[in-house]
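Trainee: mind folding the following:
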Amino acid sequence: MALCVGFDTSNYTTSVAWCDSAEGRNESRILDVPDGALGLRQSDALFLHVRRLPQLMEKLLDGKTLKEAAVVAASSAPRETEGSYMPCFLAGICEAKSLAISLGAKYMEFSHQQGHLAAAAWSAGCETLLDRPFLAWHLSGGTTELLHVVPKDAAVHAERIGGTTDISAGQLLDRTGVLLGLPFPAGKHIDALSQQANRVELYRVKLNGLEFSLSGMENKVKAMHDQGIPQADIAAFAVETVSNVVLRATDAAKKRYPGLPVLCSGGVASNSRLRAVLQDAFFASPEYSRDNAMGIAILARRALERGTHCGG
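Mentor: Numbers count the residues shown, from 1 in each chain. Down below sits the predicted model:
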């Protein structure tokens, strides 16, 4: 069984993975963000990735050898669109290229978003989704996009058809969390806190076609905080508001594209309330909802099996 290796160095997570046709393993670690901060500068993220990669590679291998690796791949950009670029991906690209050269393996590149979709489908037990059209959400700290996805070679091509027009769902939840004194990224902490709420309210965000705005919700969260509303109730408000508008946008998209399944990916897709309201959707396991390199390794394996070459 041919071994494929993947690297993904997003703005907040360093990750490496390997897979073959039978199994796989991913090792990830969130970058250290100072208390009270809302993220990292790209230069700081790049520096932290470079320092972190050797440690994660050692943990990933744990006695396994990569001598038989046939492909080494990396995420090279946020999305599969012209001009999509973030410097932090250079850490994974350079590491992957160097490893491929030393092993005499093929080198491939995919987008971070393609990796998310592949990891979500694989971990949900429906990798065959990647071979047919489907709808997908990419819900993360920097992205809230509703996508129409079609097969492209061994990977997929995703076209944005809806989502937020300003801040992402992840940004709203992270900013709410930091306001409440929670660690950043705040997604899992907001999820846990929201389940302690005594009162669950939401604001019905206006849906314009398949588009919506969340920046006004940040102002409402701040107002609730200033009014002394219990923290758990504020967390529940943010989670319920996001879940409601995502559900309504999903229902509208399913009417526009009848018969297509829905796949949810990205760190926000691990939220328990969102999973409860989108009952008919496929969800990645929580480990593969957040940023990971497994999707990149899976796409490399699919390209190898089909005799195609992507990027590099």
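
Trainee: next, the buried residues of stretch 167-187.
Mentor: Within stretch 167-187, the residues scored as buried using 16 or more other CB atoms under 10 Å are 167-180, 182, 184-187. To be clear about C-beta, it is placed using only N, CA and C from the backbone, and glycine gets the same treatment.

Trainee: these in helices, which ones?
Mentor: Taking DSSP state H, the ones among these that sit in helices are 169-179, 187.

Trainee: as a markdown table, those residues with distance to Phe47 and pLDDT would be great.
Mentor: As requested, these are exported to a markdown table (distance: CB to CB, whole Å; pLDDT from 0 to 100):
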| residue | distance to Phe47 | pLDDT |
| --- | --- | --- |
| Ala169 | 28 | 96 |
| Gly170 | 23 | 94 |
| Gln171 | 23 | 95 |
| Leu172 | 28 | 96 |
| Leu173 | 26 | 96 |
| Asp174 | 21 | 95 |
| Arg175 | 24 | 95 |
| Thr176 | 28 | 97 |
| Gly177 | 25 | 95 |
| Val178 | 22 | 93 |
| Leu179 | 28 | 96 |
| Gly187 | 24 | 92 |
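
Trainee: which of the residues you listed sits closest to His148?
Mentor: Within those, distances to His148 taken as CB to CB reach their minimum at Ala169, with 19.0 Å.

Trainee: residue contacts, the closest one?
Mentor: Ala169 makes contact with 139, 144, 214, 242, 246, 268 under the criterion CB atoms under 8 Å, 6 or more residues apart in numbering.

Trainee: any idea how far His157 is from Arg167?
Mentor: Let me fix one detail, which is that residue 167 is Ile and not Arg. Distance, Ile167 to His157, by CB to CB, to the nearest Å: 26 Å.

Trainee: which positions within the host helix or strand of Asp233 qualify as buried?
Mentor: Assessed by DSSP states H and E, Asp233 sits inside helix 231-256. The neighbour-count check on helix 231-256 (16+ other CB under 10 Å) flags 231-246, 248-250, 253-254 as buried.

Trainee: helices or strands up against that helix?
Mentor: Helix 231-256 is packed against strand 134-139, strand 144-152, strand 155-164, helix 169-179, helix 187-194, helix 215-226, strand 262-265, helix 272-277, with contacts defined by 3 or more CB pairs under 8 Å, 6 or more residues apart in numbering; DSSP states H and E.

Trainee: recalculate using a threshold of 7 Å.
Mentor: Where contact means 3 or more CB pairs under 7 Å, 6 or more residues apart in numbering; DSSP states H and E, helix 231-256 is packed against strand 155-164, helix 169-179, helix 187-194, helix 215-226, helix 272-277.

Trainee: Throw the ones you listed into a markdown table and include distance to Ala96, thanks.
Mentor: Putting these into a markdown table (distance: least, CB to CB, whole Å) gives the following:
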| stretch | distance to Ala96 |
| --- | --- |
| strand 155-164 | 16 |
| helix 169-179 | 26 |
| helix 187-194 | 27 |
| helix 215-226 | 37 |
| helix 272-277 | 32 |
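
Trainee: among the ones you listed, which is the most enclosed?
Mentor: helix 169-179 (a mean of 24; mean count of other CB atoms under 10 Å).

Trainee: which residue packs closest to Leu304, ignoring adjacent ones?
Mentor: Val71 (5.2 Å; CB to CB, 6 or more residues apart in numbering).

Trainee: does the one you found sit in a helix, a strand or a coil?
Mentor: strand (DSSP: H, G, I helix; E, B strand; the rest coil).

Trainee: make sure Asp153 is actually in contact with Glu305.
Mentor: No: the pair Asp153 and Glu305 fails to qualify as a contact (CB atoms under 7 Å) at a distance of 11.5 Å.
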